[in-house]
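Enquirer: Using only what follows, build the 3D model:
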Amino acid sequence: MLNISSNSVNRKVDLSKYKTSDLVGKKVVNRLFMKMLMTAVLIFLVILFLPWTQNIQSKGYVTTLLPDQRPQSIASVIGGRVEKWYVKEGDLVRTGDTIVVISEVKSEYFDPELLDRTKQQVENKQGSVQSYESKVQALDKQLSAFRDIRELKTKQAYNKLRQSKLKVVADSNDLIAFEAQLEIAKKQQKRTQELYDQGIKSLTDLEQKKVKVQELTAKVIAQENKFLTSKNEVLNAQVEISNIQSEYNEKLAKTESEQFSALSDKFESEATVAKLQNEYANYEIRQGMYVIRAAQDGYVTKLIRSGIGETIKEGEEIVSIMPKNYSLAVEFYVDPVDYPLVKIGEEVRLQFDGWPAIFFSGWPNASYGTFSGKVYAMDNFISVNGMYRILVQPNKKDRSWPEAIRVGGGAKTFVLLNDVPIWYEMWRKLNGFPPDYYHGSETDPDKQDQSVKK
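Expert: As a prediction, the model looks like this:
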């Protein structure tokens, strides 16, 4: 058949009966095959230069945009015993509506008149504070009186001292005068004695002079005694000033000590009043916590604790509520290598669970059934799963998200990046390179290198 052997098959088999034999060896078939192959190569080359939108794919779930719009669990701030339920699962509650009423389980709060008794203690202690305040004011007035009396007594003593000093001066002058008169009298007696001896003066004159000398001597002695007494009065006046200072300083010190003690008792009573007021406020607030109310409008999704008579602990969750009004968002995670590529305001295509969609990752414009979103927030710290969390909000410029979407539903996200040729994307993936790190839709290699260096 291959015309290798000299024995021909044509001699034994009639090949004209088969259509295949007519086609074998004809050049028409070879030309058709080459055309098809060249056409396929051209189509492939054209496809290589078609634009391709780079993207980052991830799985996420539907959540709410703001923290206060997310499902929340209401917990009991205090421990207690469930007495009555006012809601059931699926009910719509308004802000302030009663959810459940609990009763006290701690023995120190069993007293039904606890608030009244505590209030009475506060009032009694406040009266004690007023008493100490009055005592402090009375002691302050007493101190002021003691200071005034001390000042008056001191002035009086100083006046007396001055009088004593003046009296000393006067007595001193009188003593000097009497001593001078005594000296004159003695000289006169001596001259009279001489004249008497000569017979000029009589004995009577001499005796008169002697008497005068004796009188003056007595006056000098008396005046000297008086002078010493005046000096002693000066010393007594000085001692009296010192005694007055000591006496009233002691009284002032004692009164000030009593005043400080009263102030100390007053401050201690004020501290006790503050402590009792704090306890009273805590008791009053605690009684208001027996009724657990809804923090905002929402639907009761689950009663975590149920039944009557169950005991709950402090901070234990009781019921779960989904807020009535909320703004939807999608939360998903990206790898650290892709995190620098995502930026605030970046467009994200979303495919929600339950909504049929046909999505071409490289040609998002040709996709069907997906929804648009914008990156709203990005975590600056890595999560426990080793990835970064991204939050996406609806794109107001595109069609709205389905109204039937509920919080917690799944979603597939496609973060749209740069537009590059298909050959570049194939080359990048074959080499394991990440998407482009440059901004915008630039495809110039020089600009890419500059962006990478930055």
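
Enquirer: Residue 275: neighbour count?
Expert: 13 (other CB atoms under 10 Å). (Each C-beta comes from the backbone N, C-alpha and C, glycine too.)

Enquirer: quick one: residue 385 and residue 278, what's the gap?
Expert: 45 Å (CB to CB, to the nearest Å).

Enquirer: Ignore what I typed, I meant residue 45.
Expert: Going from residue 45 to residue 278 by CB to CB gives 83 Å.

Enquirer: Could you do residue 383 as well?
Expert: Using CB to CB, we find residue 383 at a distance of 41 Å from residue 278.

Enquirer: where along the protein do the strands fall?
Expert: Listed in chain order, the strands of the chain (DSSP state E) span 51-64, 72-75, 80-85, 92-93, 98-103, 291-293, 298-303, 311-312, 317-323, 328-334, 347-352, 371-378, 388-394, 410-421.

Enquirer: worst average pLDDT in those?
Expert: Least confident of the strands of the chain, judged by mean pLDDT, is strand 410-421 with a mean of 74.

Enquirer: Save the strands of the chain as CSV, and put in distance to residue 118 and mean neighbour count too.
Expert: Output for these, formatted as CSV (distance: least, CB to CB, whole Å; neighbours: other CB atoms under 10 Å):
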stretch, distance to residue 118, mean neighbour count
strand 51-64, 43, 18
strand 72-75, 27, 16
strand 80-85, 20, 17
strand 92-93, 33, 17
strand 98-103, 20, 18
strand 291-293, 21, 17
strand 298-303, 35, 18
strand 311-312, 25, 17
strand 317-323, 28, 19
strand 328-334, 48, 22
strand 347-352, 57, 22
strand 371-378, 48, 18
strand 388-394, 49, 21
strand 410-421, 55, 19
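
Enquirer: Out of the ones you listed, the one nearest residue 267 is which?
Expert: Evaluated with CB to CB, the strands of the chain place strand 80-85 nearest to residue 267, the distance being 37.6 Å.

Enquirer: Distance from the closest one to the middle of the chain?
Expert: Relative to the centre of its chain, strand 80-85 is centred 35 Å away, using CA atoms, centre = their mean, to the nearest Å.

Enquirer: which residues touch that strand?
Expert: Contacts with strand 80-85, where a contact means CB atoms under 8 Å, 6 or more residues apart in numbering, come from 99-105, 290, 303, 305-312.

Enquirer: domains in this structure, as residue ranges please.
Expert: 54-69+326-453, 72-104+290-322, 114-288 (automatic domain parsing).

Enquirer: Nearest to residue 35 among those would be which one?
Expert: Nearest of these to residue 35, taken as CB to CB: domain 54-69+326-453 at 24.2 Å.

Enquirer: related to what we said a few turns ago, how about the domains of the chain in JSON lines, adding distance to residue 39?
Expert: Below are the domains of the chain laid out as JSON lines (distance: least, CB to CB, whole Å):
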{"stretch": "domain 54-69+326-453", "distance to residue 39": "18"}
{"stretch": "domain 72-104+290-322", "distance to residue 39": "59"}
{"stretch": "domain 114-288", "distance to residue 39": "83"}
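
Enquirer: For those domains, which has the smallest mean pLDDT value?
Expert: With a mean of 74, domain 54-69+326-453 has the lowest mean pLDDT of those.
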